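>>> Whatever this is, show me its structure:
(chains A and B)
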Amino acid sequence: MTTASMLRHSWVITQRDLKHWQREPWTPIFGIAFSIMLLLVFGYLFGGAIELPGGGDYLPYLLPGMFALSMMFGIETTMSAVTADSKKGVTDRFRSLPMSSVAVPLGRAAADLTNSALQLAVLMVGGLIVGWRIDGSAGAALVAVALLLWLRFAVLWLGIYLGLTFRGEGSLMAVQVLVWPVAFTSNLFVAPETMPAWLESLAQWNPVSATAAACRDLFGNPTGITDGVLADHAVLLAFAWPAALTLVFVPLAARAYRRLGS
Amino acid sequence: MTSPPPLSPLIAHGLRKRYGDTLALDGFDLEVAPGTVHALLGPNGAGKSTAVNTFATLTRCDEGEALVAGHDVRRSPRQVRASIGLVGQASALDEVLFGRENLVMFGRLHDLSKAAARARADELLTAFGLADAADRKVSTYSGGMRRRLDIAAGMLTRPRLLFLDEPTTGLDPRGRNEVWQMVRDVVAAGTTVLLTTQYLDEADQLADRVTVMGAGRVIAEDSPTGLKDLLGGDRVIVTASAATDLERLREVLGGVADPERREVTVEAGATGGSAALIAAVRSLDAAGLDVDDVLLRRPTLDEVFLHLTEDQPDDQPAHEGAAR
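Below you'll find the predicted structure:
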């Protein structure tokens, strides 16, 4: 099995996954609507009461957090699609075809990344409309976007692994609930320095915090950080965390796919 | 094209597969003759799907050996996959895509070029009566149409061996007939079919050879006629009305009377069920006897299965496994 044919098969799978969104666009549309709702709730309802350490307005602080949040929530999209396929028997047919076991997850990865890039674009335009600004260089802004998609890429493999491994009725729901404490124990909505010390260190070491902090820095937005590991190493961590997740979950997802039948 | 040697497309020996405490396959042997329809007949939990999934390289068995199209399922799964089509129990179609798009997608995953995949999809859609529905979402298809498209997807590469796992379970009679016709077409085109079923009727309609499975083992293997002959074949059962004398009915029809149920049972014998039924109705008419019911009964899988397991006094586990 050559790399060329593996990539060709992945591309066929990607086209198929994208066609799903094209024909039934409600999942991504609802995803974007949900992010916009959160943006309004935090930006306008809670935002006035939130003070940032180191100064700066809350809205430009919040938006990079929302971007990172929507990348992180991509885990639900990936997981539900993977679970639905394996329940229906489509996955079994893929597995009975003479093709590489990497092609299906890779095709899914490309489609999910495309979908998330689109969501991100919509959110950024929305942000610009409500007053968020990019004050850094264009190059830095591109790096920020790349880091956001890099987080999405890592979360994707976690989603594929979970979707293949836990296929019961409740598991998607469990993930949908559990993403919230992970999202709140971070710098997405409020600055960790305003939290109790033990929670602050948890929030600082949360992988999504690194991405959000790096993006704020690169977009030239207030970071809400005066001290700590993210003050100096946000970009490095925003690269390293997703890399570590990917390294762990790509092999696990591939193994789960191969072992579906036994 | 040279004709392939008449080797068996599937040979399996001593397959064993354990899931936790259950032995799904317990020393299962099978040999399928080329160009035939071979049925695996058995109740739920007999190990039929595990056997098919093992042959299709989806499940790895713990012990034993299986050669599919001459390739070892464990050592050369990819070669096996290139020679088979699998139609599993659950529908393996993309509900959101159109019928044609499904076939083109699976064709391209089989390494057909875009043009070749399209041409083959059109060919199959026409052959299996789905051309009118080709550009509709699969979610709008009836059960029978879905199943046919599913089988068409299994036939994309004209595989040597096609696996059909309970192809008509859940279909209405019309859908079932359509699928049966399709299986006949597939075999006529030169593909060997291994199908699993819970219905003796289905095996009878389609199969050249039937392997009866229970608790992961072979209980019997024979032609459908041979299996039914074990039970004496079809019977005609006539229920006497209140006004009719049961003994008189028995004299007219022959056979055995059951006074409690007010029934007379006639073994159809070699002439076959329908001939026996017609004969029975004629003699009832000639004698002017009034009856409540006349029915033709074929031996059911349950009866075949019970009968076969009764013949094996030291084979208790077979039945426990079957009831699971």
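>>> Tell me where chain A has helices.
A:3-23, A:26-40, A:58-88, A:90-96, A:103-130, A:138-165, A:169-184, A:197-204, A:207-219, A:229-258 (DSSP state H).
>>> Which one of the residues in chain A is closest to chain B?
Proximity of chain A to chain B (C-beta to the nearest C-beta) peaks at A:Gly89, 3.3 Å away. Using the backbone N, CA and C atoms, a C-beta is placed for each residue, glycine as well.
>>> any chance you could read off phi and psi for that residue?
phi 100, psi -10 (degrees, to the nearest 10).
>>> pretty sure it contacts B:Gln89?
Yes: with contacts counted by C-beta atoms under 8 Å, A:Gly89 reaches B:Gln89, the gap being 7.3 Å.
>>> Residue numbers of chain A in contact with chain B?
Proximity of chain A to chain B, by C-beta under 8 Å from any C-beta of the partner chain, involves residues A:1, A:5, A:8-9, A:12-13, A:15-16, A:19-20, A:23-24, A:87-90, A:92-99, A:103, A:260-262.
>>> who's in contact with B:Gly42?
By C-beta atoms under 8 Å, 6 or more residues apart in numbering or on different chains, B:Gly42 lies in contact with B:48, B:196, B:198, B:212-214, B:219, B:301, B:305, B:322.
>>> pLDDT weak spots in the stretch 1-150 of chain B?
For the stretch 1-150 of chain B, residues meeting the criterion pLDDT under 70 lie at B:1-6.
>>> For it, which segments are assigned as helices?
For the stretch 1-150 of chain B, applying DSSP state H, counting those that start in this stretch gives helices covering B:48-55, B:77-83, B:99-109, B:114-127, B:143-154.
>>> Can I get the contacts of B:Gly42 in a markdown table including distance to chain A?
Shown next, in a markdown table, are the contacts of B:Gly42 (distance: C-beta to the nearest C-beta, whole Å):
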| residue | distance to chain A |
| --- | --- |
| B:Lys48 | 15 |
| B:Thr196 | 15 |
| B:Gln198 | 18 |
| B:Val212 | 25 |
| B:Met213 | 19 |
| B:Gly214 | 22 |
| B:Ile219 | 25 |
| B:Leu301 | 24 |
| B:Phe305 | 27 |
| B:Ala322 | 23 |
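>>> what's the closest of those to B:Gly14?
Among those, B:Met213 lies closest to B:Gly14 (C-beta to C-beta), at 14.7 Å.
>>> got a list of what that closest one touches?
Residues near B:Met213 by C-beta under 8 Å, 6+ apart: B:28, B:40-42, B:46-48, B:51, B:219.
>>> related to what we said a few turns ago, count of neighbours near the closest residue to the residue of chain A closest to chain B other than its chain neighbours?
Among residues not flanking A:Gly89 along the chain, B:Ala90 sits closest, at 3.3 Å (C-beta to C-beta, 6 or more residues apart in numbering or on different chains). If you count neighbours by other C-beta atoms under 10 Å in any protein chain shown, B:Ala90 ends up with 16.
>>> Quick check on B:Ala90: phi, psi?
phi -80, psi 140.
>>> wait, doesn't it sit right on A:Thr91?
No: with contact defined as C-beta under 8 Å, B:Ala90 does not count as touching A:Thr91 (9.8 Å).
>>> Look up how far B:Gly233 lies from the residue nearest in space to the middle of chain B.
Nearest to the geometric centre of chain B sits B:Thr197, at 3.7 Å (C-alpha atoms, centre = their mean). Distance of B:Thr197 to B:Gly233, given as C-beta to C-beta, to the nearest Å: 19 Å.
>>> what's the answer for A:Lys88, then?
With distances taken as C-beta to C-beta, A:Lys88 is found 41 Å from B:Gly233.
>>> Ok, A:Trp180 next?
66 Å.
>>> between these two, which one's more packed in?
The neighbour count for A:Trp180 versus B:Gly233, taken as other C-beta under 10 Å, is higher for B:Gly233 (19 against 10).
>>> Could you find the closest non-adjacent residue to B:Arg147?
Nearest residue to B:Arg147, sequence neighbours excluded (C-beta to C-beta, 6+ apart): B:Val179, at 5.3 Å.
>>> quick check: angle from the helix or strand containing the one you found to helix B:114-127?
Assigned by DSSP states H and E, B:Val179 belongs to helix B:173-188. Put simply, helix B:173-188 runs at 120 degrees to helix B:114-127, going by axes from the mean of the first three to the mean of the last three C-alpha atoms, to 10 degrees.
>>> quick one: the helix or strand following helix B:173-188 to chain centroid distance?
Next helix or strand after helix B:173-188 toward the C-terminus (DSSP H and E): strand B:192-197. Put simply, strand B:192-197 sits 6 Å off its chain's centre (C-alpha atoms, centre = their mean, to the nearest Å).
>>> now the following helix or strand past strand B:192-197: mean pLDDT?
For strand B:192-197, the following helix or strand on the C-terminal side (DSSP H and E) is helix B:200-206. Mean per-residue pLDDT for helix B:200-206: 87.
>>> partners of the helix or strand that helix B:200-206 is followed by in the sheet?
Using DSSP H and E, the helix or strand that follows helix B:200-206 in sequence is strand B:209-214. In the sheet, strand B:209-214 lines up against strand B:37-41 (parallel), strand B:217-222 (antiparallel) (DSSP bridges).
>>> any idea of the mean pLDDT in the last one?
Strand B:217-222 comes out with an average pLDDT of 91.
>>> and the next helix or strand after it, which residues are buried?
The first helix or strand that comes after strand B:217-222 along the chain, using DSSP H and E, is helix B:224-230. Neighbour-count burial for helix B:224-230 flags B:224, B:227-228, B:230 (criterion: 16 or more other C-beta atoms under 10 Å in any protein chain shown).
>>> residues in contact with residue 237?
Looking at chain A here, since you left the chain open. Each residue near A:Leu237 by C-beta under 8 Å, 6+ apart is listed here: A:207, A:210, A:213-214, A:229-230.
>>> was after chain B, sorry
Counted by C-beta under 8 Å, 6+ apart, B:Ile237 has contacts B:263-266, B:293-297.
>>> if we go to 7 Å?
By C-beta atoms under 7 Å, 6 or more residues apart in numbering or on different chains, B:Ile237 lies in contact with B:263, B:265, B:295, B:297.
>>> May I see those organised as a markdown table, with secondary structure added?
Below are the contacts of B:Ile237 laid out as a markdown table (DSSP: H, G, I helix; E, B strand; the rest coil):
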| residue | secondary structure |
| --- | --- |
| B:Glu263 | strand |
| B:Thr265 | strand |
| B:Leu295 | strand |
| B:Arg297 | strand |
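>>> Can you tell me which of those are buried?
Buried subset of the contacts of B:Ile237 (neighbour count, 16+ other C-beta under 10 Å): B:263, B:265.
>>> Check the contacts of B:Ile237 against B:Pro77 and report the nearest one.
Proximity of those to B:Pro77 was ranked by C-beta to C-beta; the top entry is B:Arg297 with 44.8 Å.
>>> Surely the closest one is in contact with B:Gly233?
No: if you go by C-beta atoms under 7 Å, B:Arg297 and B:Gly233 don't touch, sitting 10.3 Å apart.
>>> Can you report the mean pLDDT over the residues of stretch A:66-81?
If you average the pLDDT over stretch A:66-81, you get 93.
>>> typo on my end, it should be stretch A:141-152
Averaging pLDDT along stretch A:141-152 gives 96.
>>> Dump the C-alpha coordinates for it into PDB.
Taking C-alpha atoms only, stretch A:141-152 is exported to PDB below (Å, rounded to 0.1, in the frame of the first residue of the first chain):
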ATOM      1  CA  ALA A 141      -1.600  36.800  13.700                       C
ATOM      2  CA  LEU A 142      -1.100  33.900  11.200                       C
ATOM      3  CA  VAL A 143       1.000  32.100  13.800                       C
ATOM      4  CA  ALA A 144      -1.900  32.500  16.300                       C
ATOM      5  CA  VAL A 145      -4.400  31.100  13.800                       C
ATOM      6  CA  ALA A 146      -2.000  28.200  13.100                       C
ATOM      7  CA  LEU A 147      -1.700  27.500  16.900                       C
ATOM      8  CA  LEU A 148      -5.500  27.400  17.200                       C
ATOM      9  CA  LEU A 149      -5.800  24.900  14.400                       C
ATOM     10  CA  TRP A 150      -2.900  22.900  15.900                       C
ATOM     11  CA  LEU A 151      -5.000  22.600  19.100                       C
ATOM     12  CA  ARG A 152      -7.900  21.500  17.000                       C
END
